[in-house]
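Colleague: sequence below, structure please.
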Amino acid sequence: MARNPAVLAISIAVVVIAGVSVFQVLSRLNDFPGSATARKLLTVAASTRPVMLDPVSTEAGTLSDLFFMKHGLEHYDVPTEFADFRTIGCRVFEDEESRRIAQIWLAEKRMQLFLFPAERNAKTGAVLPFPGWRYVHQEGWTGAVTERSGVCFMATVRGPEKDLEPYLSKATGALTPNVMRSTFFPSRQGSSAVEQGTHKPLVGSSILPPGIFCNSNFRFSIAD
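Modeller: Presented below is the predicted three-dimensional model:
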């Protein structure tokens with residue numbers, strides 16, 4: 001028996017709409033405080049080039065002292081899972097909401113690390129914590145996010161979750177993060193990204209002078 005084309009078209013449209021609705025609901029269920037910022041930073045990671053960062057060769061874990069002494073950023077600490085990896089460069093910039101973001105580029109698989117303020121309760125100002133590691137996905141990039149001491153840390157890689165899992169599980173034993181998949185197209189600001197096709201100067205970052213930077217806790221070299 002021939003089917004009515006109009007009825008068939010309406011049925012297909014209803015199925016598609018239902019599928020999109022279910023996808024959006026599942027994505028929201030997997031959201032966590034700071035997930036929107038994390039997705040934006042995945043777009044920043046995709047657009048970043050090495051020349052945009054200050055050349056710094058050191059272990060990633062030592063940069064927390066630099067972030068504090070040079071930029072006044074407290075608790076911008078790289079977790080132990082990534083602390084021993086060598087860096088290519090780093091920088092500090094402000095996003096469109098004037099939040100100060102630290103970005104680190106690693107030699108290991110060309111991963112990029114981000115540290116940014118955790119979300120806070122609008123009324124009380126209290127940090128909105130979340131347990132463990134959470135995944136975010138954007139434009140072919142994957143990020144693993146955790147919150148510690150009011151600062152979110154995200155490790156990013158161009159590729160699937162399996163490229164990050166070994167680094168997380170080596171310290172935590174078993175990895176059971178919530179997975180979030182959604183599409184987001186943010187506006188961009190600063191030299192970390194392009195806003196409406198117009199390049200803007202980097203805000204809040206400074207180029208370190210050539211030489212060796214030392215204190216009692218760490219030592220790293222800065223390329224010319």
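
Colleague: excluding residues flanking it in the chain, which one is nearest R99?
Modeller: P117 (5.3 Å; Cβ to Cβ, 6 or more residues apart in numbering). For the C-beta atoms, the positions are set from N, CA and C on the backbone; glycine is no exception.

Colleague: contacting residues for D163?
Modeller: 109, 142, 157 (Cβ atoms under 8 Å, 6 or more residues apart in numbering).

Colleague: equivalent analysis for R100, please.
Modeller: By Cβ under 8 Å, 6+ apart, the contact list for R100 reads 71, 73, 92-94, 116-117, 204.

Colleague: out of the residues you listed, which is nearest to P33?
Modeller: Checking those against P33 by Cβ to Cβ gives P117 as the nearest, at 10.8 Å.

Colleague: circling back to that earlier point, quick check: the residue nearest to R99 touching G150?
Modeller: Yes. If you go by Cβ atoms under 8 Å, P117 and G150 touch, sitting 7.0 Å apart.

Colleague: more crowded one of the two?
Modeller: For P117 versus G150, neighbours defined as other Cβ atoms under 10 Å are more numerous around P117 (19 against 15).

Colleague: who's in contact with the more buried one?
Modeller: 99-100, 150-152.

Colleague: got the residues you listed as CSV, with pLDDT, distance to E161 and secondary structure columns?
Modeller: Below are the contacts of P117 laid out as CSV (pLDDT from 0 to 100; distance: Cβ to Cβ, whole Å; DSSP: H, G, I helix; E, B strand; the rest coil):
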residue, pLDDT, distance to E161, secondary structure
R99, 93, 26, coil
R100, 95, 28, strand
G150, 94, 26, coil
V151, 96, 23, strand
C152, 96, 18, strand
